[in-house]
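**Q** predicted model follows, preceded by the sequence.
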Amino acid sequence: RHLHIDRSELKDVKPPYFLICNHQSMVDFGAAALVCKKDLISFVVSTHFFRDPVLSIGLKLGGCIPKRQFFPDLSAVRKMLRAVRSGLSVGIFPEGQTCYSGQCNDIDPAIGKLVKAMDVPVVNIQIRGNFLTAPKYANGAVFPGYTVAKGSLLLSKEEIDSLSDSEIADRIAKGLAYDEYEWQRKEMHPSRRPRTVNGLENILWLCPKCGKEHAMQTDGPYLYCTECGYRVQTDEYGFLKNTDGTSAELDTPPKWYNWQKEQLEKQLDAGTLLPLTL
């Protein structure tokens, strides 16, 4: 992945601290650990990884903290507090899971209250390029390219003391916000092997031309509609283009994904799509 590490802004930051990182792929923790160099990090990991008898051994030896995904977990919080009070830093991925389309997932605002309880500085690791090299939709396919991991101090202890929970949550959300493809527009690092979009139909399921749902299919570099024949293809940088080589109107997965959400919201407002109820 040609990983480039930038720890220049962390020279004066000493553990323990609270490490937050955006989540683009399953190897993000490795990049974050490299940025932090020799500092010992107890990463918070979803409990289902601890159910693997082999993997769980490594996670426990690495000091990882199990947490129930998408649920409040007081046991995990207590272990995190115990870790920082013993001098260890704690690392989490506030998105909760790897991103779908290359854009940051929503951040739970309760992160502000957790930061207050930890009472240590917050370090932010910004990772770029991991989604383009190993997209979540690609079912394990890897497209070798270029990645960057940069560390910075997001919140000092003095700032945490002076800010409210909601203000801290806002700062963290802004620090983690990203769009992989907007970063790529500036960097333009090509894949070192032919890109495909196989699996992307599971995320981009609505045709922008005819509006047919679940008619999108993929074949190598092509994403097309089986209903009206609309077709786009990916280039070596990950952008979507028309078959004549011009840029597609929805030329990135985040744009297409957000457009789909807008269509669903319009249907909800119009009463043509009933909201789910429990």
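**A** Nice, I can see it.
**Q** please identify the buried residues of the helix ranked longest in the chain?
**A** For the chain, the helix with the greatest residue count under DSSP state H is helix 253-270. Within helix 253-270, the residues that count as buried by 16 or more other Cβ atoms under 10 Å are 253-257, 260. C-beta here means a position set from N, CA and C on the backbone, and glycine is covered the same way.
**Q** helices of the stretch 101-250 of the chain, start to end?
**A** Using DSSP state H, counting those that start in this stretch, the helices found in the stretch 101-250 of the chain span residues 111-118, 130-133, 157-162, 165-176, 180-187.
**Q** who wins for proximity to Leu55 among those helices?
**A** Smallest distance to Leu55 across the helices of the stretch 101-250 of the chain (Cβ to Cβ): 20.1 Å, for helix 130-133.
**Q** give the burial count for the closest residue to Cys210 other than its chain neighbours, as a bare number.
**A** Leaving out its chain neighbours, the residue that sits closest to Cys210 by Cβ to Cβ, 6 or more residues apart in numbering is Cys228, at 3.9 Å. By the criterion of other Cβ atoms under 10 Å, Cys228 has 13 neighbours.
**Q** distance of Val148 from Thr133?
**A** 11 Å (Cβ to Cβ, to the nearest Å).
**Q** quick one: which of these two has more around it?
**A** Neighbour totals were compared for Val148 and Thr133, and Thr133 leads with 24 against 19 (other Cβ under 10 Å).
**Q** touching, the more buried one and Thr147? I think so.
**A** Yes - contact criterion Cβ atoms under 8 Å: Thr133 and Thr147 qualify, at 6.2 Å.
**Q** and for those two, which residues touch both?
**A** Listed contacts common to Thr133 and Thr147 are Arg1; contacts here mean Cβ atoms under 8 Å, 6 or more residues apart in numbering.
**Q** Trp205: which of the buried residues of helix 253-270 is nearest?
**A** Relative to Trp205, the closest of the buried residues of helix 253-270 is Gln260; by Cβ to Cβ it sits at 7.3 Å.
**Q** now do the same for the residue nearest to that closest one when sequence neighbours are not counted: its pLDDT.
**A** Leaving aside its sequence neighbours, Gln260 sits nearest to Leu206 (Cβ to Cβ, 6+ apart; 4.8 Å). With respect to pLDDT, Leu206 scores 96.
**Q** show me what contacts Leu206?
**A** Applying Cβ under 8 Å, 6+ apart to Leu206 gives the contacts 212-213, 216, 259-260, 263.
**Q** columns pLDDT and distance to Val120 on top of the residues you listed, output as JSON lines?
**A** Output for these, formatted as JSON lines (pLDDT from 0 to 100; distance: Cβ to Cβ, whole Å):
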{"residue": "Lys212", "pLDDT": "94", "distance to Val120": "51"}
{"residue": "Glu213", "pLDDT": "93", "distance to Val120": "47"}
{"residue": "Met216", "pLDDT": "97", "distance to Val120": "46"}
{"residue": "Trp259", "pLDDT": "97", "distance to Val120": "40"}
{"residue": "Gln260", "pLDDT": "95", "distance to Val120": "40"}
{"residue": "Gln263", "pLDDT": "93", "distance to Val120": "43"}
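**Q** which one of the buried residues of helix 253-270 sits closest to Ser156?
**A** Pro254 (31.8 Å).
**Q** and the closest one, how far from Asn242?
**A** When distance is defined by Cβ to Cβ, Pro254 is 18 Å away from Asn242.
**Q** poorly predicted segments of the stretch 151-278 of the chain, please.
**A** Within the stretch 151-278 of the chain, the segments meeting pLDDT under 70 span 274-278.
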